[in-house]
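Asks: My questions concern the predicted model and sequence given below.
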Amino acid sequence: QIATDERFRSVVRAGTQTAQVAFAHSVHVDVRGLEPGRDYFYRFRAGTVLSPVGRTRTAAAPQAGADGAGGALTLALASCQDFQNGYWPAFDAIAADAPDLVLHVGDYIYEYDPDSRFPDRVHTTPQQPGLDQLQTLADYRNRYGQYKADPALQAAHLAAAWVVTWDDHEVENNYAGLVDEAGDAGERHQDPAAFARQRAAAYQAYYEHMPIRADLNPGSPDLRIYRRLAFGSLLTLNVMDTRQYRTPVPGNSPEAIGPAALGVGNTGGTMVGAAQERWLRAGLDASRTRWNVIAQQTMMSQLDGQLPVGSGSILTNLDENDGYRPYRRRLLTGVRDSGARNPVVLSGDLHCAWVNDLRVDFDRPETPAVATEFVCTSISSAFFLINDDFVQENNARLNPHVRYFRGDRRGYTRIRVTPTEWRADMRVVADLSRPDSPVSTDAAWIVEDGVPGAQPA
């Protein structure tokens, strides 16, 4: 049932659908014919049982081009919620914000074996423990069931509409296409045929448990989830999939960190595949909205480093866009040449928060920024880049396009978009070991209409 009021005195849409065991009794209701730009409330009834009431909001109707853009859009950018690593006060804070939408850019679940210092947050046991992997449809379903039983996550789902895409942990760490994690051996390794079966199970469980419009073909390892959403004349949201179609990491190294030269030389590499690249460029070329957003998984910006700082070869994270530098150059060249107004990239994955100027050539810092990137920190997943001081020192030497970085806190990014301004609040959790931990704003950044690059608020 869909109603205009929380008590359901005015029900405007209702229907019945059979929940089938083949799809874990999940139901996907695609409601049409609602009024644009307004709040609605929804609930489900199964027999005599009523679900909790959820709030959603329809997108605004388009006006006459970008100059007709009006209103505002609020969203929470989130990613990376390792259940075992701590509690989720960030989701309670998101629920309290009551944004228009929650944008989740991946790692909604983690596939790792049971191992937590919190007795009430130990992962479900997979069919074959000891591999640090999920493999069967039952494995993935059980893990989603565990995550979605968390009250803070439930509160965030009830508070707003969600737009979701996946990264790697919804299937397996650092997979690429039909190639499982580099370095896996023995029972941990799957050849492409076996991995296709694992990916099919993972994708089906994702479809069953997530609020997403998609056409599932059960048993198939393929599921298209990249898509484009318009919010009036204010904003176009391009939601990317950088896992299903990507080529293997250059060098096939079991370690994500490796020589930056491998990414430079990866001329045949892509993170999204040729078809999705063309789709994105066509959408940017045709866009007439005030803001144009690319939501994707791993950090777009170049992030080079040395260990120790100031000596040795230049290293990078090859699982990020840095491992696919010719692809990134093509993409950012397309962003620039499309003329799309106010391009912004939203990312996650790294378990730390960033604000970056994006350039076609990061090695020429004198060239203009073509877009701004905001990377949210993790909801709960652990920071893994040694420490903040190490990253800050490398940024000062090698990454002048980085405007903001913080890695020692978990949280999310709260965003408000108007025709004249994009504001991003970097929200941080004080203590991940407390479900009731306070959440505060560490810093705020603004992008002005027509002016690429972020500035402190």
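Replies: Yep, that arrived. Residues are numbered from 1 along each chain as shown.

Asks: The residue nearest the centre of the chain - nearest residue in space that isn't next to it in sequence?
Replies: Taking CA atoms, centre = their mean, the centroid of the chain lies closest to V105, which sits 0.7 Å from it. In space, and not counting its chain neighbours, V105 is closest to G348: 4.2 Å by CB to CB, 6 or more residues apart in numbering. Yep, even glycine has a C-beta here, placed from its N, CA and C like the rest.

Asks: how many other residues sit next to that neighbour?
Replies: Neighbours of G348 under the rule other CB atoms under 10 Å: 31.

Asks: circling back to that earlier point, next, work out how far apart the residue nearest to the centre of the chain and N342 are.
Replies: To N342, V105 is 19 Å away according to CB to CB, to the nearest Å.

Asks: Going C-terminal from whichever helix or strand V102 is part of, what's the next secondary structure element?
Replies: If you go by DSSP states H and E, V102 is part of strand 101-104. As assigned by DSSP H and E, the chain's next helix or strand after strand 101-104 is helix 137-148.

Asks: relative to helix 137-148, how tilted is the helix or strand following that following helix?
Replies: Next along the chain after helix 137-148, taking DSSP H and E as the criterion, comes helix 151-159. Here helix 151-159 points in a direction 80 degrees away from that of helix 137-148 (axes from the mean of the first three to the mean of the last three CA atoms, to 10 degrees).

Asks: Can you tell me which helices and strands helix 151-159 packs against?
Replies: Applying 3 or more CB pairs under 8 Å, 6 or more residues apart in numbering; DSSP states H and E, one finds that helix 151-159 makes contact with strand 54-57, helix 89-97, strand 101-104, helix 137-148.

Asks: can you list those in TSV and add distance to A295 and mean neighbour count?
Replies: Below are the helices and strands packed on helix 151-159 laid out as TSV (distance: least, CB to CB, whole Å; neighbours: other CB atoms under 10 Å):
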stretch	distance to A295	mean neighbour count
strand 54-57	18	18
helix 89-97	16	23
strand 101-104	6	24
helix 137-148	21	19
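
Asks: closest to P119 out of the ones you listed?
Replies: P119 lies closest, by CB to CB, to one member of the helices and strands packed on helix 151-159: helix 137-148, at 14.0 Å.

Asks: Any regions of the protein where pLDDT drops low?
Replies: Applying pLDDT under 70 to the chain flags the ranges 64-67.

Asks: All the helices of it, residue numbers only.
Replies: Shown for the chain, the helices assigned by DSSP state H span residues 89-97, 137-148, 151-159, 192-209, 260-264, 273-286, 325-338, 388-398.

Asks: how far does the first one sit from the chain's center?
Replies: On the basis of CA atoms, centre = their mean, to the nearest Å, the separation between the geometric centre of helix 89-97 and that of its chain is 17 Å.

Asks: For it, name the packing helices and strands.
Replies: With contacts taken as 3+ CB pairs under 8 Å, 6+ apart, helix 89-97 sits against strand 73-78, helix 151-159, strand 411-417, strand 421-429, strand 439-448.

Asks: cutoff 6 Å now
Replies: Helix 89-97 sits against helix 151-159, with contacts defined as 3 or more CB pairs under 6 Å, 6 or more residues apart in numbering; DSSP states H and E.

Asks: Next, give phi and psi for the residue nearest to A60 when sequence neighbours are not counted.
Replies: Excluding its sequence neighbours, the residue lying closest to A60 (CB to CB, 6+ apart) is G232, at 3.2 Å. Phi and psi for G232, reported as degrees, to the nearest 10, are phi 60, psi -140.

Asks: Now for G232, how many residues are close by?
Replies: 20.

Asks: swap in the one 4 residues further on?
Replies: By other CB under 10 Å, the residues close to T236 number 24.

Asks: what's around the closest residue to it other than its chain neighbours, how many residues?
Replies: Excluding its sequence neighbours, the residue lying closest to T236 (CB to CB, 6+ apart) is T289, at 4.5 Å. Using other CB under 10 Å, T289 has 23 other residues around it.

Asks: And for the one 5 residues further on?
Replies: Using other CB under 10 Å, I294 has 25 neighbouring residues.

Asks: Same question for R7.
Replies: Neighbour count for R7, taken as other CB under 10 Å: 8.

Asks: just G310 next, same as before
Replies: 10.

Asks: ok, now which ones touch the residue nearest to the centre of the chain?
Replies: S79, T165, A295, Q297, G348 (CB atoms under 6 Å, 6 or more residues apart in numbering).

Asks: Tell me how far it lies from V447.
Replies: 18 Å.

Asks: Check Q135 too.
Replies: Distance from Q135 to V447, by CB to CB: 43 Å.

Asks: try A430
Replies: Distance from A430 to V447, by CB to CB: 28 Å.

Asks: Same check on T58?
Replies: Distance, T58 to V447, by CB to CB: 26 Å.

Asks: which of those two has more neighbours?
Replies: It is V447, of T58 and V447, that has more neighbours when counted by other CB under 10 Å, with 23 against 16.

Asks: Isn't that one up against T372?
Replies: Yes: between V447 and T372 there is a contact under CB atoms under 6 Å: 5.2 Å.

Asks: Next, show the common contact partners of the two.
Replies: Any residue near both V447 and T372 by CB under 6 Å, 6+ apart counts here, and that gives A454.

Asks: okay, now the domains of this protein?
Replies: Here the domain assignment for the chain is 1-58, 65-456, based on the TED database.

Asks: Buried deepest among those, which one?
Replies: domain 65-456 (a mean of 19; mean count of other CB atoms under 10 Å).

Asks: so how far is that one from its chain's centroid?
Replies: That offset, for domain 65-456, works out to 4 Å (CA atoms, centre = their mean).

Asks: Next one: the residue nearest to P52 when sequence neighbours are not counted relative to E35, how far apart?
Replies: Of all residues not flanking P52 in the chain, L158 sits nearest, at 5.9 Å (CB to CB, 6+ apart). L158 sits at a distance of 21 Å from E35 (criterion: CB to CB).

Asks: can you pull the contacts of V11?
Replies: Counting by CB under 6 Å, 6+ apart, V11 touches Q1, A3.

Asks: Return the set of residues that bridge with the nearest residue to N342 once chain neighbours are set aside.
Replies: Distances taken as CB to CB, 6+ apart place W291 nearest to N342, at 4.6 Å, with adjacent residues excluded. W291 has these beta-bridge partners by DSSP bridges: L235.

Asks: Run through the residues that contact W291.
Replies: W291 makes contact with L235, N342, V417, according to CB under 6 Å, 6+ apart.

Asks: and which of those is nearest A194?
Replies: L235 (41.3 Å).

Asks: and that closest one, what is it in contact with?
Replies: Contacts of L235 (CB under 6 Å, 6+ apart): L73, T289, W291, V417.
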